[in-house]
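> The sequence and its predicted three-dimensional model are supplied below.
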Amino acid sequence: MKNIIVFGASSDIAISCEKLWAAENNSLFLVARNQQKLDELTDLLLQSGAKSIESYCCDFKSVNDMKIVVSMADKFLDGIDIAFIAHGSLPNQLKYQNNPELTLEDIKNNALSTVSILTILANYFEEKKSGKIALLSSVAGDIGKASNYIYGSSKAMLNLFMAGLRLRFSNTDVSVTTIKLGYVDTKMTSNFDKNFLWVKPHFIAKSIVKSIDKSKEEVYLPKIWFFIISFLKIVPIRILKLLKL
């Protein structure tokens, strides 16, 4: 059995993973912004088989809150085995690109707040000398696109930060897993037109949980995105301009 803390616990993808962890009789500490959702989620996961659950409602942008959360989770769980970060938002590119204040606010929410969480967790696991850190990121951080470069730049920062953490913990029992997601059909992406590349959260949840268990380093989900991104990285910029991504 494992002791797991989840940041952004009420997101669709996180819930799909939490159901799998609950079914294995693991203990969970859930962190989200909405207390009502946390209460509903607690009931659901206890019914799904979770050994024990505690939750904390807070603003992810407060460093002090994040320190408190990790300390509370450590005490409630009697030690954290897995830290899973799934929090974030998807900005309206057209609205945000014309407003520097909104752009900076989004970067604080999607990148800087997560960096603070990762730093606190890294120090915690370094002292503990074991554990797993896993981050839900995005393929948007691999390629600059006119349609979502604000969101993508935050994910690019996190991908690089995680790469550095991975090297920091090389030759230790602390693993660092970056999960780069392609198109996932969630509430956050409800306004997007869908095609064959879009998948439901439950479709990739098993792969996420398995990747964390196996201490994978970087994972593209669904796997087809590894080939898509690898191709786009070698396409000349003049061609990318024609594609109007």
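Perfect, I can see it now.
> any idea which element the spatially closest residue to Ser175 that is not a sequence neighbour lies in?
If you skip the residues right next to it in sequence, Ser175 has Ser215 as its closest partner in space, 3.6 Å away by CB to CB, 6 or more residues apart in numbering. Where C-beta positions appear, they are placed from N, C-alpha and C, glycine not excepted. Under the criterion DSSP states H and E, no helix or strand holds Ser215.
> my guess is Ser215 meets Thr177, correct?
Yes: with contact defined as CB atoms under 8 Å, Ser215 reaches Thr177; the gap is 6.7 Å.
> Those two - which one has more neighbours?
Taking Ser215 and Thr177 together and counting by other CB atoms under 10 Å, Thr177 has the greater number of neighbours (24 against 13).
> what stretches of the chain score poorly on pLDDT?
190 (pLDDT under 70).
> remind me, longest helix of it?
The residue-count maximum for a helix in the chain (DSSP state H) belongs to helix 149-168.
> which of the residues in it are buried?
149-159, 161-162, 165-166 (16 or more other CB atoms under 10 Å).
> Mind listing the shared neighbours of Ser215 and Thr177?
Lys132 (CB atoms under 8 Å, 6 or more residues apart in numbering).
> residues touching Lys95, list them.
The neighbours of Lys95, taking CB under 8 Å, 6+ apart as the test, are Leu102.
> what about the most centrally placed residue in the chain, which SS state?
Residue closest to the average C-alpha location in the chain (CA atoms, centre = their mean): Leu136, at 2.5 Å. Secondary structure, DSSP: H, G, I helix; E, B strand; the rest coil: Leu136 is strand.
> same deal with Leu197?
Going by three-state DSSP, the secondary structure assigned to Leu197 is coil.
> hey, where'd the strands end up in this protein?
With DSSP state E, the ranges of strands along the chain come out as 3-7, 27-32, 52-57, 82-85, 131-138, 174-181, 218-221.
> between those strands, which gets nearest to Phe227?
Of all the strands of the chain, the one in closest proximity to Phe227, counting by CB to CB, is strand 218-221 (8.5 Å).
> Buried residues, stretch 210-219. List them.
211-212, 216, 218-219.
> Nearest to Leu102 among those?
Proximity of the buried residues of stretch 210-219 to Leu102 (CB to CB) peaks at Glu218, which lies at 30.0 Å.
> got a list of what that closest one touches?
When contacts are taken as CB under 8 Å, 6+ apart, Glu218 is in contact with 177-178, 180.
> Same list, those, but as a markdown table with distance to Asp142 please.
Compiled in a markdown table, those are given as follows (distance: CB to CB, whole Å):
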| residue | distance to Asp142 |
| --- | --- |
| Thr177 | 16 |
| Thr178 | 11 |
| Lys180 | 7 |
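> which one of those is nearest Ile15?
The nearest member of the contacts of Glu218 to Ile15, counting by CB to CB, is Thr177 at 19.0 Å.
> residues contacting the closest one?
Taking CB under 8 Å, 6+ apart as the definition of contact, the neighbours of Thr177 are 132-135, 211-212, 215-219.
> and what of Asp59?
Asp59 makes contact with 33, 65 under the criterion CB under 8 Å, 6+ apart.
> re earlier: how near is the residue nearest to Ser175 to Thr178?
In this view, Ser215 and Thr178 are 12 Å apart by CB to CB, to the nearest Å.
> ditto for Glu24
23 Å.
> Next: Ala9.
With distances taken as CB to CB, Ala9 is found 19 Å from Thr178.
> okay, those two: which has more neighbours?
A side-by-side neighbour count of Ala9 and Thr178, using other CB under 10 Å, places Ala9 first with 28 against 25.
> Quick one: the helices in the chain, in order.
Listed in chain order, the helices of the chain (DSSP H) span residues 12-23, 35-47, 63-77, 93-96, 100-107, 113-128, 149-168, 201-213, 224-234, 237-243.
> Return the most buried member of those.
Of all the helices of the chain, helix 12-23 carries the top mean neighbour count, a mean of 21, counting by mean count of other CB atoms under 10 Å.
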